[in-house]
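>>> sequence? don't have it. structure:
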C-alpha cells in the first residue's frame, strides 16, 4: 500500500497543506477530510505545497475542484505550489493552470495572500 | 505485485521515456478506478485482469472486468468551469485517459466481460507540457 500523508500548518493568516506520497482514489478521502476541516475552521486562504507529492490521479484533482468554489465564495483561494514536472503535467492536462494559481515556491503563494490583505 | 509496478516494469522494458511511463501508469490507474467504482460498485471480491501486449510500434494494454458495462457515450465533454460550479466529479478520469494515451476503446461482450483497450505508440509525441516548464 502506498503512503500518503498530509501535514497542515498555519501562519500569517494562511493555511499551508503539505502533501506527501500518492494521491489517488484510495487516499483522496484524506485530502477531502483536510479541506472539510479548513472550511469548518473558516480557514479560506490555503496554499497546497506539492513538493513531496509523487503521484496524483483524477480522484485527487477532483478534491481540489470540489472545494475551490466554497473557499472562493468566502474570499479565499487554493493556491498550488512546488509541483514536480510529473505532477504538474497531470494538472496541466486537465486545464488547472487556467483556473488555479500555481507557483514554483510556497513563499510566493503566501506572499500573494499577504498582498491581497493589504 | 501492484498494478503500478507491473505497468512500470513493462513500459520501461518497452523503452518509453519516464514521462510516457508515468502517463501510461496513470491511464491504467484511471481505468481500474472506474471499473472498481462503476462496474463493481466498490465490491472487493471482484477481479480485474490486465494484459500487456508490447508490439514493435505500439504498447497495448487490455483491461477486463465482469461488472456492469460502461457506456462511454454517457460521459459529457469536460468543462472544468462546469465541473467546479456544479461540483461534478465524473468524467475526469475518462478525459485524462484520452489525453494520456493515443487510443482508448471500450469493448463489450454482452453477458461476459468488458474490455478497456489502451494503446500508446512508440513514436507518439509526449503529452502535456510538464517538461517544458
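Perfect, I can see it now. All of these numbers come straight from a predicted model, not from anything done at the bench.

>>> what sits opposite residue B:107 in the beta ladder?
residue B:115 (DSSP bridges).

>>> I'd like to know how far it sits from chain A.
22 Å (CB to the nearest CB, to the nearest Å). In short, each C-beta sits where N, CA and C put it, glycine included.

>>> got it, and residue B:5?
Per CB to the nearest CB, residue B:5 is found 10 Å from chain A.

>>> Quick one, grab the pLDDT at that residue.
Residue B:5 is assigned a pLDDT of 93 by the prediction.

>>> element containing it?
Assessed by DSSP states H and E, residue B:5 sits inside helix B:3-14.

>>> same question, residue B:56
Using DSSP H and E, no helix or strand contains residue B:56.

>>> so how far is chain A from the closest residue to it other than its chain neighbours?
Leaving aside its chain neighbours, residue B:56 sits nearest to residue B:122 (7.9 Å; criterion: CB to CB, 6 or more residues apart in numbering or on different chains). According to CB to the nearest CB, residue B:122 and chain A sit 19 Å apart.

>>> Can you give me the neighbour number for residue A:52?
13 (other CB atoms under 10 Å in any protein chain shown).

>>> got it, and residue B:13?
Neighbours of residue B:13 (other CB under 10 Å): 11.

>>> Please verify my assumption that it contacts residue B:54.
Yes. Here residue B:13 reaches residue B:54: they are 7.4 Å apart, a contact under CB atoms under 8 Å.

>>> Okay, now the unreliable bits of chain A?
A:1-2, A:117-118 (pLDDT under 70).

>>> and the longest helix anywhere in it, how far from the chain's centre?
In chain A, taking DSSP state H as the definition, the longest helix is helix A:58-73. The gap between where helix A:58-73 is centred and where its chain is centred comes out at 9 Å by CA atoms, centre = their mean, to the nearest Å.

>>> Check what pLDDT the residue nearest to residue B:38 when sequence neighbours are not counted gets.
Leaving out its chain neighbours, the residue that sits closest to residue B:38 by CB to CB, 6+ apart is residue B:70, at 5.9 Å. At residue B:70, the predicted lDDT confidence score is 80.

>>> I'd like to check which residues are in contact with residue B:70.
Residue B:70 makes contacts with B:34, B:35, B:38, B:39, B:106, B:114, as judged by CB atoms under 8 Å, 6 or more residues apart in numbering or on different chains.

>>> measure it to residue A:58 for me?
In this view, residue B:70 and residue A:58 are 15 Å apart by CB to CB, to the nearest Å.

>>> What of residue B:121?
23 Å.

>>> do residue A:66 as well
Taken as CB to CB, the span from residue A:66 to residue A:58 is 12 Å.

>>> Please identify which of the two sits among more neighbours.
Per other CB under 10 Å, whichever of residue A:66 and residue A:58 has more neighbours is residue A:58, with 27 against 18.

>>> Return the residues of chain A in contact with chain B.
Taking CB under 8 Å from any CB of the partner chain as the contact definition, chain A meets chain B at A:2, A:24-25, A:55, A:57-59, A:61-62, A:65-66, A:68-69, A:85-86, A:88-90, A:92-96, A:98-99.
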